[in-house]
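>>> Show me how the following folds:
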Amino acid sequence: MKSALITGANKGIGFETAKQLLQNGYYVFLGSRDLKNGSEAVTKLKLEGLTSAEAVQLDVTDEHSVKAAREEIGSNINALDVLINNAGINGGMPYTALEANTDQFFTTYNTNVFGVARVTQAFIDLLRKSSEPRIVNVSTSVGSLSLQSNPAWPAYDYAKYAVYGSSKAAMNMYTVHLAYELRDTAFKVNAVCPGYTKTEFTNYNGGDVEEAAKRIVKYALIDRNGPTGKFFSEESNPEAHEIPW
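Next up, the predicted model:
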């Protein structure tokens with residue numbers, strides 16, 4: 001049975017992504033900063049008959065937590081097939097470049113950028129043992145420098161979140177370099193925007209969480225002929241899906 005780890009998987013898009021991977025026959029580790037919340041999420045899945053799920057305490061901002069999660073998961077499996085870096089925060093108000101304080105920037109980058117690097121580096125050895133390893137970094141079109149600077153973009157005048165957007169742009173750059181370093185291997189590494197989705201993150205505004213998770217799962221399940229080092233957003237580009245960095 002193939003296995004997957006999803007950070008921030010106890011609720012929202014992460015939880016739905018776990019559900020869909022379970023439906024595709026994966027054993028899924030649900031990373032949760034609060035283990036109680038993770039365990040409750042697993043209970044919900046098992047009540048739906050999705051039993052191949054396990055909660056793992058994982059705070060992406062805490063080096064010790066990440067290392068402990070790696071040891072726990074590594075004691076149960078020989079290889080990890082999918083890593084989905086889903087955990088993220090928006091940084092809180094004020095969102096603007098001139099008003100947001102440096103603590104907001106640091107806290108947000110610690111989760112959205114440094115956390116992705118911490119988890120990826122901690123689990124890369126287990127991923128290397130998979131025959132078809134996949135890494136999906138959950139991003140956003142708000143992190144596209146090209147779209148954010150284009151007055152013709154439909155969201156140009158309202159999608160200005162300096163802290164969150166810049167953190168995701170930095171994570172996108174990490175994705176580019178990660179894909180490049182793994183270019184001659186079986187890895188597929190991509191950034192995926194799930195779209196504006198009805199979750200706690202958006203005060204329950206936006207599209208359906210099932211559709212958002214489906215967009216992520218698609219790139220977790222791509223075969224050896226699939227893309228790598230790309231940035232996808234079906235919401236921003238419904239036809240071709242790939243969007244500019």
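
>>> Could you identify the helix or strand that succeeds the helix or strand Val192 falls within?
Assigned by DSSP states H and E, Val192 falls within strand 188-193. Counting by DSSP H and E, the element after strand 188-193 in chain order, helix or strand, is helix 209-220.

>>> for that following helix, packing partners?
With contacts taken as 3 or more Cβ pairs under 8 Å, 6 or more residues apart in numbering; DSSP states H and E, helix 209-220 sits against helix 12-23, strand 82-85, strand 134-138, strand 188-193. (Each C-beta comes from the backbone N, C-alpha and C, glycine too.)

>>> Which SSE is immediately downstream of the shortest one?
For strand 82-85, the succeeding helix or strand toward the C-terminus, using DSSP H and E, is helix 102-109.

>>> Check the third one too.
Read in the C-terminal direction, the helix or strand following strand 134-138 is helix 145-148, with elements assigned using DSSP H and E.

>>> quick one: contacts of whatever helix or strand comes next after that following helix?
Counting by DSSP H and E, the next helix or strand C-terminal to helix 145-148 is helix 162-181. Contacts with helix 162-181, where a contact means Cβ atoms under 8 Å, 6 or more residues apart in numbering, come from 85, 88-92, 95-97, 100, 104-105, 108-109, 111-113, 116-117, 120, 135, 137, 139-140, 142-145, 148, 159, 187, 189-191, 228-229, 231, 245.

>>> about what we covered before: residues making contact with the strand holding Val192?
132-141, 143, 171-172, 175, 178-179, 182, 215-216, 218-219, 222, 226-236, 243.

>>> All set, thanks.
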